[in-house]
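Asker: here is my input, please return the structure:
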Amino acid sequence: MQKPNKRLENQTCIVTGASSGIGKAVAKALGTEGANIVVNYLSDAAEAEEVADWIEGQSDCGKAIVVQCDVSKEGEVQALFKKTISHFGTVDVCVANAGIQMDHPLHEMPLEAWQKVLDVNVTGQFLCAREAINEFLRRGMRKDVSKSLGKIIHMSSVHEIIPWAGHANYAAAKGALTMLMQSICQEYGPKKIRCNSIAPGAVKTDINKAVWSNEEGAEGMLKLIPYKRIGIPEDIGSVASWLASDESEYINGTTVFVDGGMTCYPGFATNG
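Answerer: Numbers count the residues shown, from 1 in each chain. Model (predicted):
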């Protein structure tokens, strides 16, 4: 965890899918910067409470609350923002992190698996962005806390540009996020709303633990990473806290790849 420097003091941040993995690290990183954190979760209330308790227990962190919400449901996302605004007064940063995988070869993929992944990974991010923008516009500029009217961070993946056989629904969703994020920037940048994406590469989380936790799987992953290290959630948290701060104020409409060089296609290092 980075040393706190209060870059987000007096700001409120919603982090979806914040009970574990990357979302948990992002919530802690933003909290360490002095922000109030809304720890969103879908099903594991105990883990979400642990994240909130950690934030509340740090002398340099802001406050934290826990809110259950299925981000693919319009009414639940609206309720998430309503509870946040009621408790903290407004929203300054929205990190749309919640995402799922339901993997199948394309010719065997049930329509349900296709739709569910897009519902969570694309529609969920649209709903969060829409509610965040409405709150930013309603509230107006808070020049005492940020140079931006509001900040949206979409959690994408290297698979927004790298095809992924056997995971077509996931890759299609992440590719769609690029256009969603850039369209938001184009439309609302003039109002000083910043919208960017973070694209992690291979990161040690529970969703891929079966791969990185054994020697053969870890070696296979390292072949894809020029930096020869599998990422950890805190790598993403550090970038998110910077991207939410005024230090990155002129960055808008772009994806920050946090992947150890995976998008440099190391398989071509020896001429293919």
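
Asker: mean confidence for stretch 252-262?
Answerer: The average of the pLDDT scores along stretch 252-262 is 97.

Asker: for that stretch, buried residues please.
Answerer: Neighbour-count burial for stretch 252-262, with 16 or more other Cβ atoms under 10 Å as criterion, is recorded at N252, G253, T255, V256, F257, V258, D259, G260, M262. From N, CA and C alone the C-beta is placed, and that goes for glycine too.

Asker: what do you get for stretch 171-185?
Answerer: Applying 16+ other Cβ under 10 Å to stretch 171-185 flags 171-178, 180-182, 184-185 as buried.

Asker: what's in contact with it?
Answerer: 99, 117-118, 121-122, 125-126, 129, 133, 152, 154, 156-157, 159-164, 193-197, 199, 252-253, 255 (Cβ atoms under 8 Å, 6 or more residues apart in numbering).

Asker: just stretch 265-272 next, same as before
Answerer: K223, L224, I225, P226.

Asker: please convert the residues you listed to CSV, extending it with neighbour count, distance to D60 and secondary structure.
Answerer: Listed next are those as CSV, based on neighbours: other Cβ atoms under 10 Å; distance: Cβ to Cβ, whole Å; DSSP: H, G, I helix; E, B strand; the rest coil:
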residue, neighbour count, distance to D60, secondary structure
K223, 10, 40, coil
L224, 19, 36, coil
I225, 18, 33, coil
P226, 16, 35, coil
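
Asker: out of these, flag the one nearest to V51.
Answerer: I225 (27.7 Å; Cβ to Cβ).

Asker: pLDDT-wise, which helix or strand of the protein ranks last?
Answerer: The weakest-scoring helix or strand in the chain, judged by mean pLDDT, DSSP states H and E, is helix 209-212 (a mean of 74).

Asker: residue contacts, G260?
Answerer: G201, A202, I225, P226, Y227, K228, R229, I230, G231.

Asker: just the buried ones from the contacts of stretch 171-185, in ChimeraX syntax?
Answerer: A single ChimeraX command selects the buried members of the contacts of stretch 171-185 (16+ other Cβ under 10 Å):
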select :99,117,118,121,122,125,126,129,133,152,154,156,157,159,160,162,164,193,194,195,196,197,199,252,253,255
